[in-house]
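K.L.:
Next come a sequence and a model predicted from it.
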Amino acid sequence: MGADGLIIELDKVGLSYGGEPETLSDVSMRLGEGEFRFLTGPSGAGKTSLLKMIYLAHRPTRGRFSLFGEDAMNAPREALPALRRRIGVVFQEFRLLDHLTAFENVALPMKVAGINQKTNTAKT
Ligand SMILES: Nc1ncnc2c1ncn2[C@@H]1O[C@H](COP(=O)(O)OP(=O)(O)OP(=O)(O)O)[C@@H](O)[C@H]1O
Ligand SMILES: [Mg+2]
């Protein structure tokens, strides 16, 4: 979290896909710890694009963007996975891996984070 308690800070952010006119223009928002936001709008308004930006699947093409008080706009690519690990996303399509069991799917992020199997199962 930033010193000012902000989790997400977008300031006049723009996003364009491959040189197209901007899909998002001058989007500004701030989200503090423990706050909720609901994002609504017609199909094609850019809801998914905004969320993808927040979970760092796309970088904005202009503006200022901070996550947990860190500059996500100019952070080197190598710094992004650590930031991304602090963000939880529940996708509309669940993106479960078919060849894994339900338990293995849930445990996978812990495995990637280096938490051992004993710790995993101790909590079940
Ligand atoms: N990867 C992409 N490349 C190019 N254009 C894209 C890409 N993703 C989205 N777009 C375009 O950006 C605009 C916003 O799309 P987006 O999917 O963010 O809207 P949405 O609000 O989530 O819509 P829906 O309610 O249908 O899910 C649309 O015009 C879409 O065609
Ligand atoms: Mg969408």
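P.N.:
Now that the structure is in, tell me what you want to look at. Ligands and ions are numbered 1, 2, ... in the order given.
K.L.:
which residues of this structure fall in strands?
P.N.:
For the chain, strands defined by DSSP state E occupy the ranges 6-15, 24-32, 62-67, 70-71.
K.L.:
who's in contact with the residue nearest to residue 11 when sequence neighbours are not counted?
P.N.:
In this structure, residue 11 finds its nearest non-sequential neighbour in residue 64, 4.0 Å apart by Cβ to Cβ, 6 or more residues apart in numbering. (Glycine included, C-beta is placed from N, CA and C.) Contact analysis of residue 64 by Cβ atoms under 8 Å, 6 or more residues apart in numbering lists 9, 10, 11, 12, 13, 71, 73.
K.L.:
hmm, back to that, would a markdown table of the strands of the chain with distance to residue 41 be doable?
P.N.:
Output for these, formatted as a markdown table (distance: least, Cβ to Cβ, whole Å):
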| stretch | distance to residue 41 |
| --- | --- |
| strand 6-15 | 15 |
| strand 24-32 | 11 |
| strand 62-67 | 19 |
| strand 70-71 | 27 |
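K.L.:
Need those in CSV (columns: mean pLDDT and distance to residue 49).
P.N.:
Compiled in CSV, those are given as follows (pLDDT from 0 to 100; distance: least, Cβ to Cβ, whole Å):
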stretch, mean pLDDT, distance to residue 49
strand 6-15, 96, 6
strand 24-32, 96, 6
strand 62-67, 96, 13
strand 70-71, 94, 20
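K.L.:
for those, which one sits closest to residue 53?
P.N.:
strand 6-15 (6.0 Å; Cβ to Cβ).
K.L.:
Next, the angle from that closest one to strand 24-32.
P.N.:
180 degrees (axes from the mean of the first three to the mean of the last three Cα atoms, to 10 degrees).
K.L.:
for strand 6-15, packing partners?
P.N.:
Strand 6-15 is packed against strand 24-32, helix 47-54, strand 62-67, with contacts defined by 3 or more Cβ pairs under 8 Å, 6 or more residues apart in numbering; DSSP states H and E.
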